[in-house]
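K.L.:
Predicted model, plus sequence, below.
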Amino acid sequence: MVSNEQRRRQLAREKFERQQQRREENRRKARRRNAVIAAGLAAILAAGGGAYAAGAFEGNKKDRVDAAESSPSAKPDPCAKPASGSPSTKTWKSEPEMSIDKSASYAMKLNTTCGAIDVKLDAENAPHTVNSFNFLAGEGFFDHSKCHRLTTGGIYVLQCGDPKGTGQGGPGYTLPDENLKDARLKGKVYPAGTVAMANQYNAQTGQGRNTGGSQFFLVYQDSPLPPDYTPFGTIGEEGMKTLKKIAGAGEQSGAGDGAPNATVVIDKASVTKS
């Protein structure tokens, strides 16, 4: 007859074995997913309506929770509670009229729940993009929106700019690609500190040019990417510290690509001219 103590040990051993099996399965999933990331980096930075937005990012909520629980990358949320308010639901039919001075200096400040992110904007080389951000910030479009995606394998970026928080949202209009021959992008690398536009460009088909909207990504570590995404700003020193804190908390899937563990909400975005 099996004693209570023997039975308890048996159950504990079986539970441990199940946990190990789940962890190993999550590791295999992570390796497969990171291989996909490395092979198809363009899909990662899609902005609205593609396979990424519809499935690859959202996935199954239970699977993401299980992965986060069993993954060593799951870490506590280092950020503060968001300010009260709701994300914008505004959209527009066309790109705003040009109102910025291309010869002037512009700066964007993102006051987030995790700290401020300061960005020097490149109005001279990306005027349509900077003009759009100046307009959207003035309309409160980014306020109370989540930064919905953190990638920690293959490339190293935080993606923001979608009030829906799903990767499918935008302002209703699209922007032309700009500044793709920026000297900083030589070697097909977006250097740490770069702010660039997400879009729907597919390098395999050559379709999806000029499809940027409001979604953008902030590079916290040098990232190998083809020069297909409009670089329009550079993050300051304090902003990089904030980004590193967010990245250090990891992402929820445990596979290197998912929602940040940190609750990154843009409480207020502003653009100023100097």
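P.N.:
Received, thanks. Numbering: from 1, shown residues only.
K.L.:
what pLDDT does Ala47 get?
P.N.:
Listed pLDDT for Ala47 reads 71.
K.L.:
Asn179 too?
P.N.:
98.
K.L.:
and it, how many neighbours does it have?
P.N.:
Here the number of neighbours of Asn179 (other Cβ atoms under 10 Å) works out to 21. Bear in mind the C-beta positions are built from the backbone N, C-alpha and C, glycine included.
K.L.:
Hmm, it is touching Ala123, no?
P.N.:
No. Applying Cβ atoms under 8 Å as the test, Asn179 and Ala123 come out as separate, 10.7 Å apart.
K.L.:
In terms of helix, strand or coil, where does Ala269 fall?
P.N.:
The three-state label for Ala269, taken from DSSP: H, G, I helix; E, B strand; the rest coil, comes out as strand.
K.L.:
How about it: what's its closest non-neighbour residue?
P.N.:
Leaving aside its chain neighbours, Ala269 sits nearest to Phe142 (3.8 Å; criterion: Cβ to Cβ, 6 or more residues apart in numbering).
K.L.:
Would you quantify the distance from the one you found to Ala116?
P.N.:
Computed as Cβ to Cβ, to the nearest Å, the Phe142 to Ala116 distance reads 14 Å.
K.L.:
Tell me which of the two has more neighbours.
P.N.:
Phe142 (24 against 15).
K.L.:
wouldn't that one be in contact with Ser214 here?
P.N.:
Yes. Contact criterion Cβ under 8 Å: Phe142 and Ser214 qualify, at 7.5 Å.
K.L.:
between those two, what contacts are shared?
P.N.:
136, 161 (Cβ atoms under 8 Å, 6 or more residues apart in numbering).
K.L.:
what about Leu136, which helix or strand?
P.N.:
If you go by DSSP states H and E, Leu136 is part of helix 127-138.
K.L.:
can you count the residues close to the spatially closest residue to Tyr173 that is not a sequence neighbour?
P.N.:
Nearest non-adjacent residue to Tyr173, counting by Cβ to Cβ, 6+ apart: Glu95, 4.8 Å away. Applying other Cβ under 10 Å, we find 17 residues neighbouring Glu95.
K.L.:
Please apply the same query to the one 10 residues further on.
P.N.:
Summarising burial for Ser105: neighbours were counted as other Cβ under 10 Å, giving 13.
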